[in-house]
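Engineer: Predicted model, plus sequence, below.
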Amino acid sequence: MIDDFTQLYYLDSYQSEFTAEVTAVRKEKNKIWLSLSQTCFYPEGGGQPGDRGILQVIKPNKQVVKVFDTIWSDDVIWHQVDLLLAKGTSVVGQIDFAKRYDLMQQHSGEHIFSGIVNREYGYTNVGFNINSTEMTFDFDGDLNWEQIAEVENEANQAIYENIPIEIRYITQSEHDAWTYRSKLQLEQNIRLVIIPGYDTCACAGTHLARTGEIGQIKIIKRESYKGGVRLTALCGARALHYFQNILQVMQSVGEVMSANPENLLEKIHNQQSEISDLKFQVNKKNKAWLDLFMQTLQPKTKRIILTNPEFAKHEWKYACQYLSEHVSEFAGILTSVAQSKQLLFLCSETQDLRIMIPKLEEKFNFKGGGNATLIQGLLQAELPIIEKFLNEIP
């Protein structure tokens, strides 16, 4: 657990540039790592990714080195870079502050939400992760969508209030005087992130100065996880982009449906109802056609193979099963998808069709599958050849 809080990113999480010297170099698994005499680059930890950015050699050539990642290992902060620099090289470091600010928006937003959940439901945050597109946090108890909305509303109220976010360092002797959230049993000095009225949490991550900078927090997904719940959330610009994308989709769908956001859902329900009615009418006509077709069959017909029938693909199963009820062996639909490629749909009420699969594989390179009463797949041959085979197969 980190207990050295003298790093530049702790002294000022908004500092983006600094000077330093390379103090150590290591190469590991085709990666180059540098440690520096001081750094603004936050190392990955506690669910927050490490910072990225650049190092620029001060002299003689002002060479620019990319920093891809930052980690904490064996009490040393290591910067993964694309070029090797010699020990003692003086550099100016510059973090990707847009990325840092985004991560601080997510992290500070998570603290508010988790603090409210802990206060209202007694649940503990047992997992936290931020990636490049979203943030997840896990609780050891379940929350339904109504409860999530209540917490979300209060969390956004905390953002509107633009409360100063306080950082406080307490020693071991002060532990008992404070009530705070923590995933670990801490024995050393602790860094507390305090959002008055909402949360006090032991945390070694970087945070914003005020809650208003979070912008907004939105939960976009919930899923059961290890006896509790995992929530996916977006804060700040991520939440804004999410809503912009949703609005764009709604506007595009609205244009197709001749609807606006206020009546779009009603229009969709009406269209679904119309589609259901149309399917019902089509099914009635299909059944009428099938009934007429059955009247043309000879008594005790064993097999029926329809070739290129005027049925939509989603109607094949119904038609095939209906026909199979009126024959003693099987009924099938055979449709051309190319000159020498046919699609087969076969049903039976009396035979185990799985015994036909090896024969179809051997004869026509059958690619498909099924069960005892239904098989489907592609066959390689001209349609009349396959039709003849199906009518003659023992």
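Structural biologist: Looks like it arrived, so ask away.

Engineer: May I see the buried residues of stretch 216-224?
Structural biologist: Within stretch 216-224, the residues that qualify as buried are 216-219, 222, counting by 16 or more other C-beta atoms under 10 Å. C-beta here means a position set from N, CA and C on the backbone, and glycine is covered the same way.

Engineer: quick one: which of these is nearest residue 116?
Structural biologist: residue 217 (10.6 Å; C-beta to C-beta).

Engineer: buried sites along the lengthiest strand in the chain?
Structural biologist: The residue-count maximum for a strand in the chain (DSSP state E) belongs to strand 17-28. For strand 17-28, a neighbour-count test (16+ other C-beta under 10 Å) marks 18, 20, 22, 25 as buried.

Engineer: Give me the nearest residue to residue 201, chain neighbours excluded.
Structural biologist: Nearest non-adjacent residue to residue 201, counting by C-beta to C-beta, 6 or more residues apart in numbering: residue 181, 4.3 Å away.

Engineer: Quick check: the one you found touching residue 124?
Structural biologist: Yes. At 7.3 Å, residue 181 counts as touching residue 124 under the criterion of C-beta atoms under 8 Å.

Engineer: Common neighbours of these two, please.
Structural biologist: Counting by C-beta atoms under 8 Å, 6 or more residues apart in numbering, the residues touching both residue 181 and residue 124 are residue 118.

Engineer: sorry, back to before: could you export the buried residues of stretch 216-224 as a markdown table, including distance to residue 386, secondary structure and pLDDT?
Structural biologist: Formatted as a markdown table, the buried residues of stretch 216-224 follow (distance: C-beta to C-beta, whole Å; DSSP: H, G, I helix; E, B strand; the rest coil; pLDDT from 0 to 100):
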| residue | distance to residue 386 | secondary structure | pLDDT |
| --- | --- | --- | --- |
| 216 | 60 | coil | 97 |
| 217 | 60 | strand | 97 |
| 218 | 55 | strand | 97 |
| 219 | 54 | strand | 97 |
| 222 | 50 | strand | 96 |
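
Engineer: Rebuild the residues you listed as CSV, extending it with distance to residue 148.
Structural biologist: What follows is the buried residues of stretch 216-224, written out as CSV (distance: C-beta to C-beta, whole Å):
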residue, distance to residue 148
216, 15
217, 11
218, 10
219, 5
222, 6
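
Engineer: Against which helices or strands is the lengthiest helix in the chain packed?
Structural biologist: The longest helix of the chain (DSSP state H) is helix 264-295. With contacts taken as 3 or more C-beta pairs under 8 Å, 6 or more residues apart in numbering; DSSP states H and E, helix 264-295 sits against helix 237-257, helix 316-324.

Engineer: so the helix or strand where residue 113 lies versus helix 237-257, what angle?
Structural biologist: Assigned by DSSP states H and E, residue 113 falls within helix 97-121. Going by axes from the mean of the first three to the mean of the last three C-alpha atoms, to 10 degrees, helix 97-121 is angled at 90 degrees with respect to helix 237-257.

Engineer: Pull out the buried positions in helix 97-121.
Structural biologist: 97, 100-118.

Engineer: got a list of what the residue nearest to residue 145 when sequence neighbours are not counted touches?
Structural biologist: Nearest residue to residue 145, sequence neighbours excluded (C-beta to C-beta, 6+ apart): residue 222, at 6.8 Å. When contacts are counted by C-beta under 8 Å, 6+ apart, residue 222 touches 143, 145, 148, 229-232.

Engineer: Between helix 237-257 and the next helix or strand after the helix holding residue 113, find me the angle.
Structural biologist: Counting by DSSP H and E, the next helix or strand C-terminal to helix 97-121 is strand 125-130. Interaxial angle, strand 125-130 versus helix 237-257 (the same axes, to 10 degrees): 70 degrees.

Engineer: ok, residues contacting strand 125-130?
Structural biologist: So strand 125-130 is contacted by 46-49, 103, 106-107, 110, 114, 117-118, 135-140, 181, 183, 226, 228, 230 (C-beta under 8 Å, 6+ apart).

Engineer: those strands in the stretch 51-200 of the chain, which residues are they?
Structural biologist: 53-57, 64-73, 76-81, 90-95, 125-130, 135-139, 166-170, 190-195, 199-202 (DSSP state E, counting those that start in this stretch).

Engineer: Just checking: what are the partner strands of the fifth one?
Structural biologist: Looking back up the chat, that one is strand 125-130. Here strand 125-130 has these sheet partners by DSSP bridges: strand 135-139 (antiparallel).

Engineer: quick one: low-confidence ranges for the stretch 101-250 of the chain?
Structural biologist: Applying pLDDT under 70 to the stretch 101-250 of the chain flags residues 184-187.

Engineer: at 90 instead, please
Structural biologist: Residues of the stretch 101-250 of the chain meeting the criterion pLDDT under 90: 170-190, 250.
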